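**Student:** Any chance you can model this:
(one chain, ligands or ions: 2)
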Amino acid sequence: MAETVTPFNTTPSSGHPLASLEPLLREWLPRQRWFAGKGRPVTGITPVAVTELLPPDGRIGLYHLLVRVHQPPALGAPAHPGDCYQLLIGVREALPPRLAPALIGHVTEGPLAGRTVYEALYDPRPADVLLEALRTQARIGGLRFDRDPGQEIRDGLVARVMTAEQSNSSIVYGDTFILKLLRRVVPGVNPDLEIPLALAREGCARVPAPTGWLHAELDDDSYVLAVLQPFVSGASDGWELALRELAKGEDFVAEARSLGRATAEVHTALARALPTVTLGQAQLGLLVDGMTERLEAAVQAVPALRPYEPGLRSAFRALADLAEEGRTWTAQRVHGDLHLGQCLRSPSGAWSLIDFEGEPARPLAERRMPQPVLRDVAGMLRSFDYAAHSASPPAPEWAHRCRSAFCAGYAEVAGRDPRTDPVLLRAYETDKAVYEVVYEARHRPDWLGVPLSAVRRLATSDPTLARETSP
Ligand SMILES: Nc1ncnc2c1ncn2[C@@H]1O[C@H](COP(=O)(O)OP(=O)(O)O)[C@@H](O)[C@H]1O
Ligand SMILES: O=P(O)(O)O[C@H]1O[C@H](CO)[C@@H](O[C@H]2O[C@H](CO)[C@@H](O)[C@H](O)[C@H]2O)[C@H](O)[C@H]1O
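**Tutor:** Ligands and ions are numbered 1, 2, ... in the order given. A predicted model of the protein is given here:
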């Protein structure tokens, strides 16, 4: 590992203390929920940048790592240098029992031989180091800790790691802040920081305004690594709430309507804050091509999709036909991966939207492109369907009522009902359901039946049949 290190200045010069970590990480990384390269072997891990945050000769050592994980490309994908991941590695003589779940392994060689390395986010002391660095706007090697000068970060907040199943990892500080550490990182502007900052400038209260953020400046590239936000204390997410109501046999119509309003408020503010464009035939053609290519790749990855491929293609074809007739759509910045789990309801009943990263598997440039707002609407409509189909027995009528209420709430604020656009809505719902099939096959194979049931419906529904497709 040591040969290829391009460390930040702060890395100790006498031998690389993490050189012997590679075999441990090769075993540990693929088991992490947030590891995006599941299903492909890890053939090597090389450091991109290593920053010492606490020296290893103290009781607790702490390293910030960016590592490149080498894997063969996914089927049909071009050769790729390997994804870059952010890690926080703690070093101790031995782990106290409460940190047992954080164990990465025991080092047998090199300067750290005999020590234990572990996932440092689970340990309050390393977590404090990060908050303190944000508070003091520290510069450590290539790491840049920044904060909004208008917001204060108190010290003495007790840190705890979030144990939710996530694409990234988060630490909560005293129910006051939440720090999201991005795991798979790419250079460039990250919408998870860009969009909430833009909304905060617009005065939109539906999204927690970033309090602090961490960048790495590496050669000519800048990476957004973490975002600190106010924590919505006592909040429940929309997914939990929906399942709870379903289990009680209760409606979720009023909440779905409020969610529609909140989504429209965010869209309206985003349309003011960031550029909008008109999508004509050429751009819509690219949109349809993208949807079709994703479908083809998904059919390769999940053969259970194959019987539905012609029907799913027809949803995209119908959109292409409208584009050829000269229909245009306005595009703007959107959430990009909106679902019930991205909506938080505070104890007072106010909804906030979170996690503007977009679909993590898509390239950053694509995630930052203006898109029709129906992309997000479709994500939410899929989510009501998801909730209804994970209930036992499935509750399609419940989903139908929520979907209608969401669209009605959206229309109250935006002045336009998403149901007036059934062809684009069906295309986006189809694209999302196809994405979900691949997502579930990769991450939660037991759930595959949920998006597949939607695929069955979407493959046979005709958007002119209002009851079938419109919410
Ligand atoms: N500002 C916040 N206040 C309270 N909880 C939050 C906040 N932001 C995120 N969360 C919680 O953290 C979870 C993960 O956050 P999210 O941004 O969706 O991360 P990921 O990209 O890893 O999925 C959310 O589902 C929610 O429960
Ligand atoms: O929240 P993430 O950014 O990690 O989003 C990914 O994971 C989601 C699952 O946690 C996944 O969402 C799918 O499952 C949800 C229920 O768990 C459901 O509400 C969504 O409608 C459904 O798409 C999301 O697609 C994925 O990107």
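**Student:** Going by C-alpha atoms from here, please, whenever you check contacts or count neighbours.
**Tutor:** OK.
**Student:** which residue ranges form the helices in the stretch 351-471 of the chain?
**Tutor:** Shown for the stretch 351-471 of the chain, the helices assigned by DSSP state H, counting those that start in this stretch span residues 364-367, 374-390, 396-414, 422-443, 449-460, 466-469.
**Student:** Quick one: check the fourth one for contact with ligand 2.
**Tutor:** Right, helix 422-443. Yes - contact between helix 422-443 and ligand 2, assessed by C-alpha under 6 Å from any ligand atom, occurs at Glu436.
**Student:** Serialize the helices of the stretch 351-471 of the chain to CSV and add fields for mean neighbour count.
**Tutor:** What follows is these, written out as CSV (neighbours: other C-alpha atoms under 10 Å):
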stretch, mean neighbour count
helix 364-367, 16
helix 374-390, 24
helix 396-414, 21
helix 422-443, 22
helix 449-460, 19
helix 466-469, 14
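**Student:** least reliable of those helices going by mean pLDDT?
**Tutor:** For those, mean pLDDT drops lowest on helix 466-469, to a mean of 42.
**Student:** before we move on, back to that, want to throw the helices of the stretch 351-471 of the chain into TSV with distance to Leu143?
**Tutor:** Formatted as TSV, these follow (distance: least, C-alpha to C-alpha, whole Å):
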stretch	distance to Leu143
helix 364-367	21
helix 374-390	33
helix 396-414	41
helix 422-443	31
helix 449-460	40
helix 466-469	49
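**Student:** Quick one, which of those gets closest to Ser169.
**Tutor:** For these, distance to Ser169 was read as C-alpha to C-alpha. The smallest value, 16.3 Å, belongs to helix 422-443.
**Student:** Near ligand 2, which residues of this structure are found?
**Tutor:** In this structure, the chain approaches ligand 2 at residues Gln166, Ser167, Trp239, Asp337, His339, Leu340, Gly341, Glu359, Arg382, Ser383, Tyr386, Glu436, judged by C-alpha under 6 Å from any ligand atom.
**Student:** Make a markdown table from those and add distance to Arg33 to it.
**Tutor:** Written out in a markdown table, the entries for the residues of the chain next to ligand 2 read as follows (distance: C-alpha to C-alpha, whole Å):
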| residue | distance to Arg33 |
| --- | --- |
| Gln166 | 7 |
| Ser167 | 7 |
| Trp239 | 19 |
| Asp337 | 18 |
| His339 | 19 |
| Leu340 | 20 |
| Gly341 | 16 |
| Glu359 | 16 |
| Arg382 | 23 |
| Ser383 | 21 |
| Tyr386 | 21 |
| Glu436 | 16 |
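**Student:** Name the nearest of the residues you listed relative to Ile195.
**Tutor:** In terms of C-alpha to C-alpha, no member of those lies closer to Ile195 than Asp337, at 13.1 Å.
**Student:** The closest one: what's it in contact with?
**Tutor:** With contact set as C-alpha atoms under 8 Å, 6 or more residues apart in numbering, Asp337 has these partners: Phe356, Glu357, Gly358, Glu359, Asp376, Gly379.
**Student:** who touches Met369 in this structure?
**Tutor:** Residues in contact with Met369 (C-alpha under 8 Å, 6+ apart) are Gln332, Arg333.
**Student:** So for it, what's the pLDDT?
**Tutor:** The confidence metric pLDDT takes the value 96 at Met369.
**Student:** any idea how far Thr420 is from it?
**Tutor:** Taking C-alpha to C-alpha, to the nearest Å as the measure, Met369 and Thr420 are separated by 24 Å.
**Student:** Go back to the residues of the chain next to ligand 2 and keep what's next to ligand 1.
**Tutor:** Here is what survives when the residues of the chain next to ligand 2 are matched to ligand 1 using C-alpha under 6 Å from any ligand atom: Gln166, Ser167, Gly341.
**Student:** Stretch 107-120 spans what distance, first to last residue?
**Tutor:** The first residue of stretch 107-120 is 16 Å away from its last residue (C-alpha to C-alpha).
**Student:** Kindly report the same for stretch 318-330.
**Tutor:** This stretch, stretch 318-330, spans 18 Å end to end (C-alpha to C-alpha).
**Student:** tell me the average confidence for it?
**Tutor:** Across stretch 318-330, the per-residue pLDDT values average to 97.
**Student:** for it, the distance to its chain's centre please.
**Tutor:** 30 Å (C-alpha atoms, centre = their mean, to the nearest Å).
**Student:** Just the buried residues of that stretch, please?
**Tutor:** For stretch 318-330, the neighbour count (16 or more other C-alpha atoms under 10 Å) marks Ala318, Leu319, Ala320, Ala323, Trp329 as buried.
**Student:** Among the residues you listed, name the ones in helices.
**Tutor:** The members of the buried residues of stretch 318-330 that map onto helices under DSSP state H are Ala318, Leu319, Ala320, Ala323.
**Student:** biggest separation within the residues you listed, which pair?
**Tutor:** The distance between the two most remote of those (C-alpha to C-alpha) is 8.8 Å, for Ala318 and Ala323.
**Student:** if we can go back for a sec, what's the closest of the buried residues of stretch 318-330 to Leu54?
**Tutor:** Set against Leu54, the nearest of the buried residues of stretch 318-330 by C-alpha to C-alpha is Trp329 (52.3 Å).
**Student:** Find the residue ranges of the chain scoring beneath the pLDDT cut-off.
**Tutor:** 1-17, 462-470 (pLDDT under 70).
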